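A.B. asks: Give me a 3D structure for the following:
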Amino acid sequence: MTTPAASQRLANQIALVTGGSSGIGAGVAKALAAEGATVIVNYAHSADDAEQVRQEIEQAGGKAITIKADVSKEEDVLAMFDQIRKEFGTLHILINNSGIQVDAPFLEMTLEQWQKVIDVNLTGQFLCAREAAREFVRRGPQPEISRATGKIICMSSVHEVIPWAGHVNYATSKGGIMQLMKSTAQELAPHRIRVNSIGPGAIATPINESARDTPEEEKSLLTLIPYGRIGEPADIGSVAVWLASDESDYVTGITLFADGGMTLYPGFADNG
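C.D. replies: Here you go, the predicted structure:
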C-alpha cells in the first residue's frame, strides 16, 4: 500500500505531543511532523526513546525537539511551556496524550495505584490544557496560520464509555477526560479554541502488549473488534492530523472514536 504525499496541512504550526516518545504519542508526533508541524516530543522517563522519535522525524524531513517533563507535576508543565515560548514564541496544537495503566482488581486497588493513574491521565491533561489555552488566549488569532486560535486534542479511550473491570482507575480517568474535554470546549469556543478527544480502541502499543502475546490472546481480542484488525499508532496519527487541521474547523467538543467498531458492542451483533 502506498502512502499519499503529505499535504502540509499543519505548515508553520508548533505542536506539543505529551508522552510522545512511544506508542500512540510517537505515531501522532510523526504524523503531525509529516504535515509540516514543528513537533515538541515530550517525555517523562526515556530520553533515548524520545530522541529516537526526534531523529525519525528529522530523517523524514520534519522538525522536532524533545523536552522532559512529568505532566502530573505543575512545576514541570509550567517549565515546559516556558521553554516552548522561549524557543518558538508560541504554540498552536496540544496533543494531550500522556497516559499510564496501573491495573488491579477493585477490592485490592491501593490509593497509590488509584492516585498515580488519575495524576498522570487526568490531572496531567488538565494542567497541559490549561497552559495551552492560556498561551492561545495570550497570543490571539493567527488566521494566516490557522483558522482556530488553538487546538487541544485529548487522548481518551473507548473506555470513556465502555466499563472495564480490573481497570477502574484507568476507565475513571478516561471518563473524566470526556467531561474535561467537553467542558473546556464549551468554555473556550468563544476564543475560537477547539477542544476535541480521540478515543482509540485496541492499538498495537507496549501498553497492551500483554493482550496480544499469543495467537490465542490476539484472536480473543479480535472478537471485540468488528473491523477485524488491531489498530496501529499511524491510524491515530491520521485522526489527530485531521482534528488539528482547518479541515475540522467546525468541529469542537467531540470524541472521535478510532476503534474498528469496539464501541458498537459487538457482543450484541447476534441479538445478544
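
A.B. asks: use CA for all of it now, contacts and neighbours both
C.D. replies: Fine.

A.B. asks: And the nearest residue to S157 once chain neighbours are set aside, how close does it get to G166?
C.D. replies: Among residues not flanking S157 along the chain, G199 sits closest, at 3.9 Å (CA to CA, 6 or more residues apart in numbering). The gap separating G199 from G166 is 19 Å, by CA to CA, to the nearest Å.

A.B. asks: Then S197?
C.D. replies: Taking CA to CA, one finds S197 at 24 Å from G166.

A.B. asks: quick one, which of those two is more surrounded?
C.D. replies: For S197 and G166, the more surrounded residue by other CA atoms under 10 Å is S197, and the numbers stand at 27 against 16.

A.B. asks: Report whether the expected contact of the more buried one with V251 is present.
C.D. replies: No. Using CA atoms under 8 Å, S197 makes no contact with V251, being 10.8 Å away.

A.B. asks: quick one: the strands in the stretch 51-200 of the chain?
C.D. replies: Assigned strands in the stretch 51-200 of the chain, in chain order: 63-68, 93-96, 150-155, 193-200 (criterion: DSSP state E, counting those that start in this stretch).

A.B. asks: Give the other helices and strands that the single longest helix found in the chain contacts.
C.D. replies: In terms of residue count, the longest helix belonging to the chain (DSSP state H) is helix 168-188. Secondary-structure packing of helix 168-188 (3 or more CA pairs under 8 Å, 6 or more residues apart in numbering; DSSP states H and E): helix 111-118, helix 124-139, strand 193-200.

A.B. asks: ranking the ones you listed by burial, who's on top?
C.D. replies: With neighbours defined as mean count of other CA atoms under 10 Å, the helices and strands packed on helix 168-188 peak in mean count at strand 193-200, which reaches a mean of 26.

A.B. asks: List the buried residues of the lowest-mean-pLDDT helix or strand in the chain.
C.D. replies: Least confident helix or strand of the chain, by mean pLDDT, DSSP states H and E, is helix 215-222 with a mean of 89. Neighbour counts over helix 215-222 (16 or more other CA atoms under 10 Å) mark E218, L221, L222 as buried.

A.B. asks: Tell me who's in contact with the last one.
C.D. replies: Yep, that's L222 we're talking about. Contact analysis of L222 by CA atoms under 8 Å, 6 or more residues apart in numbering lists G228, R229, I230.
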